[in-house]
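[1] Show me how the following folds:
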Amino acid sequence: MALPRLRNLSRRATVLVTLLGATALAGTVAVMTSDTLDFVIGGALIDLGYRFQDPIHPHGHRSPSAVWAEVLSHNALAARVRDLFPRSTHHPLVALVVCMDARIDTNELVGDTRRYYYVLRLAGSVMSEREEEMLELAVDNGVEVVVLTTHSECAAERVARDPALRVRYPHLAAGVDERDARSAEFRARPNIAARLHDGTLRIEQVHIDTHSGRLVPRPTPAQAGR
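    Numbering: from 1, shown residues only. Sure, this is the predicted structure:
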């Protein structure tokens, strides 16, 4: 029992030292480098932070109240950090429409420093008219690229494929059935169509590998039919 625990502590110590070293390097280099390099370094630190937390499997909470207390504790710490490092006020340039599956983490997916990415988390990545309007509002406020995503091992897609689950979750299944139609509907909105035509907006469709986080281009239904 002691050896696995020692190995775990050693791994955590190694990651922590790496994090501290990377943070120091970022602080030194940030003064002298471009925004692009700052963005890359920030994204790398996010990835390292996830690696530090990945080995933590058991939460050890005995009740929902204990879980909520932990949420409040984490929020208090995050708020103190935010006081030291205020969030950027720049409006995002990219909007991601992503499934609510917890395995898809957009911060890690794109090295998000909370300057460039606006995120809609929706069951099965299915937009309703409300989300279409919200996304159009984001475009009006400066978003230049919209990324519509699906992902491997999607529970919502599994519901849509399984007759028994379709009976149990009919609205979710219907939403997945309508996903491509909703995406086409968004593209056809007058303001969006005009921006696509004049080149001030780009819409991409990609499939996310849930395990690797890689983005794979996915053709639109119109492109697939060519």
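
[2] Strands along the protein, start to end?
    94-99, 117-122, 145-151, 202-208, 215-217 (DSSP state E).

[3] can you give me the angle the fourth one makes with strand 94-99?
    The directions of strand 202-208 and strand 94-99 differ by 40 degrees, with axes from the mean of the first three to the mean of the last three Cα atoms, to 10 degrees as the criterion.

[4] Could you shift the numbering so residue one becomes 29, and keep it that way?
    Sounds good: first residue 29 from here, last item strand 230-236.

[5] Show me the contact partners of strand 230-236.
    Strand 230-236 has contacts (Cβ atoms under 8 Å, 6 or more residues apart in numbering) with 126, 132, 137, 172-180, 211, 215, 220, 224, 242-248. All C-beta spots, glycine's among them, are computed from the backbone N, C-alpha and C.

[6] same thing but 6 Å
    Identification of contacts with strand 230-236 by Cβ atoms under 6 Å, 6 or more residues apart in numbering yields 173, 174, 175, 176, 177, 178, 179, 243, 244, 245, 246, 248.

[7] same check, this time on the second one
    The list of residues contacting strand 145-150 from outside it, by Cβ under 6 Å, 6+ apart, reads 120, 122, 123, 124, 125, 126, 128, 134, 159, 166.

[8] so what strands line up beside it?
    Partners of strand 145-150 in the sheet, by DSSP bridges, are strand 122-127 (parallel).

[9] Compare the contacts of strand 145-150 and tell me which has the most neighbours.
    In terms of neighbours by other Cβ atoms under 10 Å, the contacts of strand 145-150 top out with residue 125 at 26 neighbours.

[10] Much appreciated, bye for now.
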